[in-house]
Structure formats: C-alpha cells, structure tokens
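A.B. asks: next comes the sequence, and after it the predicted model I'd like to discuss.
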Amino acid sequence: MKISKRSVDTLAPKGERYFVWDEALSGFGIRVGTNGRKTYICRYRNGNIRRQVKLGNVGTLTAEEARDAAKKVLASVTLGEDPAAERDAKRQAVTLAELVELFVIGHGPKLKPTSLAGYRSALNKLVLPVLGKRPVEAVTTKDLNKIHIGLVEHPFHANRVMAYLGSVFSWGADNGYIPEGFNPTRAVKRFKEQGRQRYLSDEELARLGSVLHVAETEGSPWTIKATGDRLKHVAKDCQTIVYPSHVTNAIRLLLMTGCRLREILHLQWREVDLGRGLLFLPDSKTGRKTVILNRSAIAILEAMDRTDRYVIPGDLPDQPRHDLKRPWAHIRSAAQLEDVRLHDLRHTHASIGAMAGFGLPIVGKLLGHASSMTTQRYAHIADDSARRQMQSAPHWRR
C-alpha cells in the first residue's frame, strides 16, 4: 500500500509481528509489533546480505519524514555505504558510561535542571563505578538487580535509580546505539514503596505558629549539643537565633499555598498578583501553573517588604534563597515536630482542603497535580469528610 498517515492509522496489531511495504518506494516499510508499536524501517541488500535500518517510531516521525529518511538511506547504499553496518559498529563501541554521556548531551537539554542533576548524581555514584566500562549490551538484569538490592535500606532511591537507567536504555534504543527493545531494567522487580503521609494536627499547627512568631521576634533558643571540652567554647550569651521575617514567612507560605519548596524560594514579585489573589508560576514541576491564594497567604505577602525581585531573597542581591534546611531543622525541633519535612506542609494544606469538603478535583487543581492519580492519596480524607457531613445531616422520617 502507499504508506501515509491515513493508511498507517488503519494498521492494527495481530497475533505476531508483521510488515507492510510501500508500493511506491522499494525497501520502505513499516513494522507493526504485537503490542501495537509501529516503526518505520528501510530494507536493502549489501551484496547477498539483506540489511535493515530503523528510521523511527510512528509518532516521532511522520510518514513523509520517514519516506525522506528512507530515500537518504537508499541513496547512501547506491554510493557504496552500508548504514546498518555503521550502526552495528557504533553499538559495539558504546560502553554504559558513554551511553549515559550521550543521553545527557542528546536528551539532557529537554529535562529540567533538577531532573538532569538527579540522573547524573544517581548514575555517576551508584551505577557507573560498577558497570561504566562494560559494553552496554553486556549489562544484564542480574548486574542491575545486585545494585538494586544493595540499596534495600533506601527503596525509593533504589527504584529511582532503575527508572533513570531505564530511560537511558530506551533513549539509546530509539537513537540506534543499542538494539530496539534492549532494556535489562524492565526485569528488575521494584521495591514496594510506602507513600509517606504526614499531616499536622490543629494542635501541631498551633505550636508551629507560636514557634515561628518567637523565632522572628525574641529569637529561638539553640539546641546545644556540645559536650566535654567543646562545651566551654559555646557562647555564654546570644544563645538564641532571630530569623529574618522572610525566612519564617517562607515557611508560612509553604503551608498556606501548598506550593513546593522551589516554587516559593524562586517566586518573584512580578509573578504575584495580590489584586486578583493569584501567583503565576512560569515553570513548576508540572509546567506553567496558576496558584490561587487564600486570605492568609495574601495577608502574609501584603505585609512583606519588597527589597529584592525575589519574594524570599537570598544571600546575594537578585539571587533566590538556596534552601531552608537549617532554619527548618531548628524551628521544627523547637515545635516538637522532628518527623515533619517541609514537603509535609504541602500535604497538610491539601488535607485541610479535603477535610473542608472541596473534593479531590479541586484539591488537585489547587496543588497543580498533572494527574488525578496523584491526588488519590487524599481520597480517604475526602471520604471521611463526606461521611461526617452525611452523619451530621438531618434524618427525615416518612
């Protein structure tokens, strides 16, 4: 048949893989897998040997782009070249470390900087020192499972390492560095992850509010851990820390907006619209999003000084604050909330909305979730809220 968008859309998977060839360009075809994946290919002969080159997947290339690519392959064969042999030579030469570097160069610019840093850190520290010099196709599921099991004390991180490496293999296959379908991470059984859900109670919120007020006014006392000879070097006075109001307000805003940490630390005043009660975030984890401010968040922002382009100024002018690790460790200790992470303030914000009966779609929209599945972690809270409302409703008798 004539390969075109319309004809490609009609191709359905069968019980086994099959090929369809173009009636106009000899050697140009499409392979349909049992899973429905459709791949443009070009087949030719080099002497008595039949060779085949993958051009790209349907969805990545249009039918016309694939046809043009096939013409280039066939033209190079006419000039005496062997694209499939060149591809095979390229595969044999690539080690895992080289494939990771090719991935960083070829795909890294499409990732967020924090995501790319996560890839680099995990793979460079945990995978490449063990398997980096090995040819990619020599890496086995057994090798990867050994690394995965070695991280048994950190199951979430172990699963992320396999996910990162799986992405590298998939990219390598799509770009011709390794055979299509080669991905030994798929057979590595992941650890079961227990979602951590920690919400602050009304009493804990009251304690946190009190400590924040003390920390920005009188100062919060140190927790002195020095002992023995080191204790004599501890200052006898000034054993409290007074935090700037923008630090304590950053913590309040995390709770009042449900934003992620970087969304607040990187927030600029030009992205704040107090008149309409909105934040316009140009680049969050899920892309551009608008945050609806409640009255408490608006009051906090209205009271803050605009001394910098960032709402939470950093140590250097016109630079965002790097993190809140030290002040949060001190403040949560003073509030007796040792097990509470900053991200748990976001969970608490969502739980308050769910308990108020907002419904999961609204809670998800307020948090900027890209998928409704992410919001399902609050389903039991929403169900409890609905149950309480039903129980408090009047009972009518016939």
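C.D. replies: Here it is on my side, so go on.
A.B. asks: tell me the strands beside whatever helix or strand G29 lives in, with direction?
C.D. replies: Taking DSSP states H and E as the definition, G29 sits inside strand 28-32. In the sheet, strand 28-32 lines up against strand 18-21 (antiparallel), strand 38-46 (antiparallel) (DSSP bridges).
A.B. asks: quick one, longest helix in the protein?
C.D. replies: Determined from DSSP state H, the single longest helix within the chain is helix 155-174.
A.B. asks: alpha carbons of that one, in CSV - could you do that?
C.D. replies: Extracted in CSV, the C-alpha atoms of helix 155-174 (Å, rounded to 0.1, in the frame of the first residue of the first chain):
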residue,chain,number,x,y,z
PRO,A,155,13.8,1.5,48.5
PHE,A,156,12.5,4.8,46.9
HIS,A,157,16.0,5.8,45.8
ALA,A,158,16.7,2.3,44.5
ASN,A,159,13.6,2.4,42.3
ARG,A,160,14.5,5.8,41.0
VAL,A,161,18.0,4.6,40.0
MET,A,162,16.4,1.9,37.9
ALA,A,163,14.0,4.3,36.4
TYR,A,164,16.8,6.7,35.4
LEU,A,165,18.8,3.9,33.9
GLY,A,166,15.7,2.6,32.1
SER,A,167,15.2,6.0,30.5
VAL,A,168,18.8,5.9,29.3
PHE,A,169,18.4,2.4,27.7
SER,A,170,15.1,3.5,26.0
TRP,A,171,16.8,6.6,24.6
GLY,A,172,19.7,4.6,23.4
ALA,A,173,17.4,2.2,21.5
ASP,A,174,15.4,5.0,20.0
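A.B. asks: ok, then the element right after it?
C.D. replies: helix 202-216.
A.B. asks: average pLDDT across that following helix?
C.D. replies: Mean per-residue pLDDT for helix 202-216: 91.
A.B. asks: run the chain-centre distance for the following helix or strand past that helix.
C.D. replies: Downstream of helix 202-216, the first helix or strand assigned by DSSP H and E is strand 220-221. Chain-centre distance of strand 220-221: 36 Å, with Cα atoms, centre = their mean, to the nearest Å.
A.B. asks: give the other helices and strands that strand 220-221 contacts.
C.D. replies: For strand 220-221, the packing partners by 3 or more Cβ pairs under 8 Å, 6 or more residues apart in numbering; DSSP states H and E come out as strand 240-241, helix 325-334. Any C-beta I mention is one placed from the backbone N, CA and C, and that applies to glycine too.
A.B. asks: recalculate using a threshold of 10 Å.
C.D. replies: helix 202-216, strand 240-241, helix 325-334 (3 or more Cβ pairs under 10 Å, 6 or more residues apart in numbering; DSSP states H and E).
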